[in-house]
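S.K.: Dropping a prediction and its sequence here:
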Amino acid sequence: MMTPTATDTTLHRPFEPVRPLRNPHLQTILASLRFRAWGKNPLRKRSEPVLVDAGGGVRLLGYRTVQPVGGSRGLVILLHGWEGSSGSTYMLTTGRRFFRCGYDVFRLNLRDHGPSHHLNEGVFHSARIEEVFAAVQRVASEADGRPCHLIGFSLGGNFALRIALRLTTSSVGRLKTIIAVSPVLDPLKATQAIDGGLPVYRDYFVKKWKRSLALKQRLFPGLYDFGGVMGLKTCMAITERVIPLYTPFRDVHEYFQTYRLAGADFSRLSVGVTVLASEDDPVIPVDDFRGLRGNSRLRVYIERYGGHCGFLQDLRLRVWFEDLLERAIRGGSAEI
């Protein structure tokens, strides 16, 4: 279903996967499998690494894939989720789709994601919107005047939505469309859902986060000592330990509030924004999306199935939302 906004009457074909894929955990886990990005993929062979100046001495690593000279329809910038990277399966498959449709593609790594821990002394946290906004500005400014579109997944979707809110007072090149797939809206609820759901999700994020922190400590041994973190078992416990020690925030409640998003935030938008979510997302509570309101620039799609960043439609594991995203970017009807 699509949740109605004040003025949005766009129709689309609801997501109806084959019956075996109506399990949210299958959707979530299968969507991340690396073999989905196998085969011919120009993002693997034609991408070049780019260090993006994000201001204040901050550098973020991205990968740019460009069309043949004179052949680009625009630029699509992709933001991954927490503990993902430019090489995450959904980044490679979505990027492949848009490259084949004639767009240049830029896959941006957040700080301390992908092979970028060495670039900046400060540790990653989700309140670092300034540097991500500046990086997107810089990348969009080099699009030679062509239209730009921003797509974020999970935590990257949260960053994308915060960028949308900033565009009422700041500009980002010819940024025309912002899309968030399964975005985090309330980080406290999301963290609780990860820790309280199937252990596979908690264990996945805890393992990857500990690995990231251990690498940061090895690179900057004089700045960090995460020894007390390594025995902790939940995302909330690690957050409660790390945030007051290595960020400007007193506690997790102050920290989470810096990137929490609510319905009233979207009453003023200057670009088209599309949000895609599912009722059965095991990580992001669906009620967070039902409260979203906005103007004619906001479209919110809440599907019955899809898991977290899944939306696999058949046993070939084809992704349903790629058609929706392409139509949203083209500026036409989102009907699919």
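M.R.: Perfect, I can see it now.
S.K.: Which helix or strand lies directly C-terminal to the worst-scoring helix or strand of the chain on mean pLDDT?
M.R.: Using mean pLDDT, DSSP states H and E, strand 2-3 stands out as the lowest-scoring helix or strand of the chain, at a mean of 46. Counting by DSSP states H and E, the element after strand 2-3 in chain order, helix or strand, is helix 24-31.
S.K.: other SSEs contacting that next one?
M.R.: Helix 24-31 sits against helix 199-219, with contacts defined as 3 or more C-beta pairs under 8 Å, 6 or more residues apart in numbering; DSSP states H and E. From N, CA and C alone the C-beta is placed, and that goes for glycine too.
S.K.: the inter-axis angle of the helix it packs on versus helix 24-31?
M.R.: Interaxial angle of helix 199-219 relative to helix 24-31 (axes from the mean of the first three to the mean of the last three C-alpha atoms, to 10 degrees): 40 degrees.
S.K.: Go through helix 199-219 and flag the buried ones.
M.R.: Residues 201-202, 205-206, 209-210, 212-214, 216-217 are the ones in helix 199-219 that count as buried (16 or more other C-beta atoms under 10 Å).
S.K.: Look up how far Gly122 lies from the residue lying closest to Arg260 once chain neighbours are set aside.
M.R.: Closest residue to Arg260 apart from its sequence neighbours, by C-beta to C-beta, 6 or more residues apart in numbering: Asp186 at 5.4 Å. Taking C-beta to C-beta, to the nearest Å as the measure, Asp186 falls 25 Å from Gly122.
S.K.: do the same with Tyr204
M.R.: For Tyr204, the distance to Gly122 - C-beta to C-beta - is 25 Å.
S.K.: cool, Ala54 as well?
M.R.: As judged by C-beta to C-beta, Ala54 and Gly122 stand 12 Å apart.
S.K.: who's more crowded, the two?
M.R.: Neighbour comparison, Ala54 and Gly122: the larger count goes to Ala54, with 23 against 17 (by other C-beta atoms under 10 Å).
S.K.: my read: that one touches Ile129, true?
M.R.: No: here Ala54 does not reach Ile129: they are 10.9 Å apart, not a contact under C-beta atoms under 8 Å.
S.K.: I'd like the buried residues of helix 199-219 laid out as TSV, including distance to Gly227 and pLDDT.
M.R.: Output for the buried residues of helix 199-219, formatted as TSV (distance: C-beta to C-beta, whole Å; pLDDT from 0 to 100):
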residue	distance to Gly227	pLDDT
Tyr201	25	97
Arg202	21	97
Phe205	20	98
Val206	16	98
Trp209	15	98
Lys210	11	98
Ser212	15	98
Leu213	10	98
Ala214	10	98
Lys216	13	98
Gln217	8	98
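S.K.: ok, of those residues, which one's closest to Pro14?
M.R.: Checking these against Pro14 by C-beta to C-beta gives Tyr201 as the nearest, at 25.7 Å.
S.K.: number of nearby residues for Trp38?
M.R.: Using other C-beta under 10 Å, the number of residues around Trp38 comes to 11.
S.K.: you'd agree Phe159 is up against Glu130?
M.R.: No: shown here, Phe159 and Glu130 do not form a contact pair, counting by C-beta under 8 Å, at 11.0 Å.
S.K.: neighbour-wise, which of these two wins?
M.R.: Shown here are Phe159 and Glu130; by other C-beta under 10 Å, Phe159 has more neighbours (28 against 13).
S.K.: quick one: contacts of whatever helix or strand the more buried one lives in?
M.R.: Per DSSP H and E: Phe159 is located in helix 155-166. Outside helix 155-166, the residues that touch it by C-beta atoms under 8 Å, 6 or more residues apart in numbering are 78-82, 84, 110, 126, 129, 132-133, 136, 150-152, 172, 178-185, 187, 259, 261, 265-266, 269, 271, 273, 275.
S.K.: Tell me where the model's unsure across the stretch 1-150 of the chain.
M.R.: The model of the stretch 1-150 of the chain has pLDDT under 70 over residues 1-12.
S.K.: residues contacting Asp288?
M.R.: With C-beta under 8 Å, 6+ apart, Asp288 has these contacts: 185-186, 189.
S.K.: Sketch out the strands for the stretch 101-250 of the chain, chain order is fine.
M.R.: Counting by DSSP state E, counting those that start in this stretch, one finds strands in the stretch 101-250 of the chain at the ranges 104-108, 148-153, 175-181.
S.K.: Which other helices and strands does the longest one contact?
M.R.: Just to be clear, that refers to strand 175-181. Checking 3+ C-beta pairs under 8 Å, 6+ apart, strand 175-181 ends up next to strand 148-153, helix 155-166, strand 272-278, helix 321-330.
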